[in-house]
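Engineer: how would this look folded up:
(3 chains)
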Amino acid sequence: MNLLSYLPFLVILETDGAKAIGAAIAMAVGGIAPALAIGMLVGKAMEALGRNPEARAAIQTNMILGVAFAEAIGIYALLSALIIAFVI
Amino acid sequence: MNLLSYLPFLVILETDGAKAIGAAIAMAVGGIAPALAIGMLVGKAMEALGRNPEARAAIQTNMILGVAFAEAIGIYALLSALIIAFVI
Amino acid sequence: MNLLSYLPFLVILETDGAKAIGAAIAMAVGGIAPALAIGMLVGKAMEALGRNPEARAAIQTNMILGVAFAEAIGIYALLSALIIAFVI
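Structural biologist: Numbers count the residues shown, from 1 in each chain, chains lettered A, B, ... in the order given. All right, here's what the predicted structure looks like:
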């Protein structure tokens, strides 16, 4: 078995273990960008409200719309994690 | 089997395990950019609304258009994850 | 067992070990972005409140809304970690 002696990285996983790792990756990595997006867009909404509070109606409506679409991508990630964990 | 001795990375996975990892990568990595895009474009819309609330109609229409197209890419990622999990 | 002596990295995981690693990744990596998002958006709310305290009602309402959605993604990560640890 000399062939293994040069391998720098070897991972052996059984199927249930791979599901655990897969579900973890799906939710963990899939949740990064939606959360950052919410942080960015709500932060900008805060700035805009501080500068011009009279625009509250327009800012609030569109902020909620943007947050909902970003959150949707986070929910897709959760859905993927649940499917990986329970359905595959 | 000398050819394996130069592999820098070896992962041994059964097929169901590979499906789990594949679906996870599809959704997790595929969702990063759409979410960031939504964060960026809605953030800029917030700025614009704070600076000029009278432009609300124009900003809102185009923001929704942009968000819908970005979201579509996130939905493609979800679709790919579902196909990897259920169809392959 | 001379073959192992040259491996710089070898991971062999049984299923329970993979669950432990998976739950750790799910919560650890999944908690990064929601926390940063809350930091960003509340930080911007502080700036806006410092510049224009009369906008407090609008800023406070929308800040709480944004924080709740970002926190939700952190809770999805916790949920995934619990599912990986206890249910799979």
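
Engineer: off-centre distance for the helix or strand harbouring A:Gly50?
Structural biologist: Secondary structure from DSSP states H and E places A:Gly50 in helix A:32-51. With C-alpha atoms, centre = their mean, to the nearest Å as the basis, helix A:32-51 stands 16 Å off its chain's centre.

Engineer: need phi/psi at A:Ile12.
Structural biologist: Phi and psi for A:Ile12, reported as degrees, to the nearest 10, are phi -120, psi 120.

Engineer: what distance do you get for A:Ala18 to B:Tyr76?
Structural biologist: For A:Ala18, the distance to B:Tyr76 (C-beta to C-beta, to the nearest Å) stands at 24 Å. In short, each C-beta sits where N, CA and C put it, glycine included.

Engineer: which of the two has more residues huddled nearby?
Structural biologist: A:Ala18 (28 against 13; other C-beta atoms under 10 Å in any protein chain shown).

Engineer: the top helix by length along chain A - what's its average pLDDT?
Structural biologist: Counting residues, the longest helix found in chain A (DSSP state H) is helix A:56-86. Throughout helix A:56-86, pLDDT has a mean value of 95.

Engineer: that one near chain C anywhere?
Structural biologist: Yes: judged by C-beta under 8 Å from any C-beta of the partner chain, helix A:56-86 comes into contact with chain C through A:56, A:59-60, A:63-64, A:67, A:70-71, A:74-75, A:77-78, A:81-82, A:85-86.

Engineer: please tell me how far the spatially most central residue of chain A sits from C:Leu49.
Structural biologist: Nearest to the mean C-alpha position of chain A, by C-alpha atoms, centre = their mean, lies A:Gly31 at 1.6 Å. According to C-beta to C-beta, A:Gly31 and C:Leu49 sit 28 Å apart.

Engineer: now swap in A:Ala45 and tell me
Structural biologist: Separation of A:Ala45 from C:Leu49 (C-beta to C-beta): 13 Å.

Engineer: which one's more surrounded, those two?
Structural biologist: In this view A:Ala45 and C:Leu49 are compared by other C-beta under 10 Å, and A:Ala45 has more residues nearby, 36 against 18.

Engineer: that one contacts A:Met63, correct?
Structural biologist: Yes: using C-beta atoms under 8 Å, A:Ala45 is in contact with A:Met63, at 4.3 Å.

Engineer: touching both of those two, which residues are there?
Structural biologist: B:46, C:62, C:66 (C-beta atoms under 8 Å, 6 or more residues apart in numbering or on different chains).

Engineer: thought the second one was touching A:Leu49?
Structural biologist: Yes: shown here, C:Asn62 and A:Leu49 form a contact pair, counting by C-beta under 8 Å, at 6.5 Å.

Engineer: list residues touching both of those two?
Structural biologist: A:Ile59.

Engineer: hang on, A:Ala37 packs against B:Gly31?
Structural biologist: No: between A:Ala37 and B:Gly31 there is no contact under C-beta under 8 Å: 10.1 Å.

Engineer: shared neighbours of these two, anything?
Structural biologist: With C-beta under 8 Å, 6+ apart, A:Ala37 and B:Gly31 have common neighbours A:Ile73.

Engineer: so how many other residues sit close to A:Asp16?
Structural biologist: Counted with other C-beta under 10 Å, A:Asp16 comes out at 18.
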